[in-house]
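*Asks:* Return a 3D structure for these sequence lines:
(one chain, ligands or ions: 2)
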Amino acid sequence: MTTTGVEREGAGELDRGLGTDVDAPHFQSRHGTKPRSAARSYSAALLTLGAAAIHFAATPDHVSEYLPYGIFFILLGAAQVALGVSLVVVPSRRLYSAALLGTLAVIGLWVMSRTIGLPIAPVPWRPETIAFPDFAATLLEYNAAPFVAGQTSHSVADLAAIAGTETIESFTLTAGVTMTRGLQAWAYNGTVPGPELRVRQGDRVRVTLVNHLPAATSIHWHGMRVPDAMDGVAGITQDAVKPGGTFAYEFVASDAGTYWYHSHQDTSHQIARGLIGSIVVESKEAPAANVRDYSLLVHTQPGSDAIAVNGTDSLHLRAAPGDTVRLRITNAVVPGFDGAPITPVLAGVPYLVAALDGHDLNAPQRLGPERIPLGMGQRADIIFTMPNTGAVRLAGLKGTALFPWSTPATASVTIGVGLLPSVNVSSLPSFDLTRYGLPAQDAVADAPQYDVTREIVLGGAPGFRNGSFDFSDTFDGMASPYVPPIHVREGQLVRLHIVNNSPKFHPIHIHGHVFSVLAKNGRRLTGAPIHLDAVLVAPGETWDVAFKADNPGIWMLHCHVLAHASAGMNMTVNYEGIYTPYTMGTQSGNIPE
Ligand code: C2O
Ligand code: CU
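*Replies:* Ligands and ions are numbered 1, 2, ... in the order given. A predicted model of the protein is given here:
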């Protein structure tokens, strides 16, 4: 009896405590109070239990990301279950206040984790990106190029490699959770980066992706002109491969050069976790006997800010005096929010920049040490002859600093043995691709006119996105998925006029095609023709690039700073007569960025 009285008393207090003045008359009758407060107790309890369920559901993801997060989510869920039950069994004003305080604390932690970062985190005090999954619950399913009834149309799913008699090179890439340097990583075949895939130009490449991750995934062949169905973009060219599933990729390696592969599902997180690797397509001519050919994937160590090359911060490569050395450098480093490039420097010997983004340059000149700016995703091939004495060094590789005043981690590559050359990186000039090598013909760059011209203004703005207030990185003031696509017909020449009105660097990347660079800041190139799959647009710069629409499909065009891409810098190039049956969103679970 007494207990019931206390209970009523407590609940009544609570109602007054919540300040529902209009309800005040109800308190005058004790009999009237009971059902109302019971209803409140139950709904508060249900909300709390719902929150607990969400936290439990998110636990496996957090465990795989960072164990202390996982433990926190289990404790939080358990506390919420206890609270939910207590709200019904022993409701009291004190309990409600505690619940309210607890909720505010959890919200506070979330805001902190997204703004200044948390002291206990995979990288302490680094803010988490506000990404798609945070708002997935409010995002509708979206199709980049829906089927239109009454129109002759082909599905991207049918745009696979046509059968042929090429030499077949088969690989299996098993994506799974692994540990590197005591930290958790997601990796192909257990290593970060994954294995180097090396094939010959003209080979038919078959790769079986086996997914042993706790999440869906895919593989994209960055820079390679593959058939659309093999492009690996979850939600546009395929459904993400579910845990336990497999997917068979097949394409002919038509262009020689340096490329890389990475997940294109929840890309901003999965690349950072380690799902990356090099793919090298050697040219048809057999290389000379004394050529040393190395691919160097420069990347962030999963779960940290450390920078590494092929998994280590001090890589040593063999080369004898007189050897010709080719270094194929790929930037897979997760940049800071400014999207700044890495600037590797080769010291100790003169060298040639032989290729950019896998495409050879015409008549490259010998260079002394210079900083070669490489935006996220870009590649540079460097060739040199080993000197008679001393080692050669690739320096200038810096990780992303946590704060402007902190010293970022560094990495270096030493080629050969002997005395190390010393180099003062910050005093060196920057390599300028607009006046390097000698002019040559380029059908796309020399075209008298273009069939389609699109201006893309790079910007950013706070605003509503996916149902939440957030900062967006924008194309023409719009954030994906609402940036209108570029509509093309097969055979058309397409020109892009890219204007960077933002204070950040944006490497703008196209799938399935290659840009010919026309001009930088309105000035045409004076050196060799430049072919890129990503053009690095620095703050305030304007670049004109063009491509031939010769690979039908629905193709992504996005900033390769993946935090920018997931914050809106994403669009597609849509060919007439092609649709995609795939969608992105919460139901499908496809998250291309
Ligand atoms: Cu390196 Cu859309 O990708
Ligand atoms: Cu960007």
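
*Asks:* so how far is Gly416 from Ser153?
*Replies:* Counting by C-beta to C-beta, to the nearest Å, the gap from Ser153 to Gly416 is 57 Å. C-beta coordinates here come from the backbone N, C-alpha and C atoms, glycine included.

*Asks:* Between the two, which has more neighbouring residues?
*Replies:* The residue with more neighbours, out of Ser153 and Gly416, is Gly416; 22 against 14, by other C-beta atoms under 10 Å.

*Asks:* Quick check, the more buried one in contact with Thr385.
*Replies:* No. With contact defined as C-beta atoms under 8 Å, Gly416 does not count as touching Thr385 (11.1 Å).

*Asks:* Ramachandran coordinates for whichever residue of the stretch 351-500 of the chain sits closest to ligand 2?
*Replies:* Nearest residue of the stretch 351-500 of the chain to ligand 2, counting by C-beta to the ion: Asp473, 5.7 Å away. Dihedral angles of Asp473 (phi, psi; degrees, to the nearest 10) stand at phi -100, psi 130.

*Asks:* Identify the bridge partners of the residue in the chain that ligand 1 sits nearest to.
*Replies:* Scanning the chain for the residue nearest ligand 1 gives His222, at 3.7 Å (criterion: C-beta to the nearest ligand atom). Legend: beta-bridge partners of His222 under DSSP bridges are Trp260.

*Asks:* what about it, distance to Tyr259?
*Replies:* In terms of C-beta to C-beta, His222 sits 6 Å off from Tyr259.

*Asks:* what residues does the stretch 401-550 of the chain put near ligand 2?
*Replies:* His506 (C-beta under 5 Å from the ion).

*Asks:* Can you tell me which residues in the stretch 401-550 of the chain are near ligand 1?
*Replies:* Residues of the stretch 401-550 of the chain found near ligand 1 (C-beta under 6 Å from any ligand atom) are 509, 511.

*Asks:* Equivalent analysis for the stretch 101-250 of the chain, please.
*Replies:* 220, 222.

*Asks:* give me that answer again for 5 Å
*Replies:* Taking C-beta under 5 Å from any ligand atom, the part of the stretch 101-250 of the chain that reaches ligand 1 is made up of His222.

*Asks:* For Arg292, name its beta-bridge partners.
*Replies:* Beta-bridge partners of Arg292, as defined by DSSP bridges: Val325.

*Asks:* Ok, the one 4 residues further on next?
*Replies:* When bridges are called by DSSP bridges, Leu296 pairs up with Ile329.

*Asks:* Make sure it is actually in contact with Thr414.
*Replies:* No. Leu296 is beyond contact range of Thr414, at 11.9 Å (criterion: C-beta under 8 Å).

*Asks:* now the one helix or strand Asn331 maps to: how far from the chain's centre is it?
*Replies:* Assessed by DSSP states H and E, Asn331 sits inside strand 324-332. Distance of strand 324-332 from the chain centroid (C-alpha atoms, centre = their mean, to the nearest Å) equals 21 Å.

*Asks:* what packs against it?
*Replies:* strand 257-262, strand 276-282, strand 291-300, strand 379-385, strand 392-398, strand 410-415 (3 or more C-beta pairs under 8 Å, 6 or more residues apart in numbering; DSSP states H and E).

*Asks:* which stretches of the stretch 151-300 of the chain form strands?
*Replies:* Secondary structure of the stretch 151-300 of the chain (DSSP state E, counting those that start in this stretch): strands at 154-155, 168-180, 183-188, 197-200, 204-211, 220-222, 246-252, 257-262, 276-282, 291-300.

*Asks:* Dihedrals phi and psi, Val90?
*Replies:* When read as degrees, to the nearest 10, the backbone of Val90 gives phi -130, psi 60.

*Asks:* ok, it - how many residues close by?
*Replies:* Using other C-beta under 10 Å, Val90 has 13 other residues around it.

*Asks:* Could you do the one 10 residues further on as well?
*Replies:* The local packing count at Leu100 equals 13, with neighbours defined by other C-beta under 10 Å.

*Asks:* Please, which helix or strand holds it?
*Replies:* helix 93-115.

*Asks:* by contact count, what packs against that helix?
*Replies:* Secondary elements touching helix 93-115 (3+ C-beta pairs under 8 Å, 6+ apart): helix 2-17, helix 30-65, helix 67-89.

*Asks:* Out of the ones you listed, which gets the lowest mean score?
*Replies:* Mean pLDDT values for the helices and strands packed on helix 93-115 show the minimum at helix 2-17, a mean of 37.

*Asks:* which regions of the stretch 101-250 of the chain sit below the pLDDT cut-off?
*Replies:* Residue ranges of the stretch 101-250 of the chain with pLDDT under 70: 114-116, 122-139.

*Asks:* one more time with 90, if that's ok
*Replies:* Scanning the stretch 101-250 of the chain for pLDDT under 90 picks out 101-141, 148-153, 161-162, 180-183.
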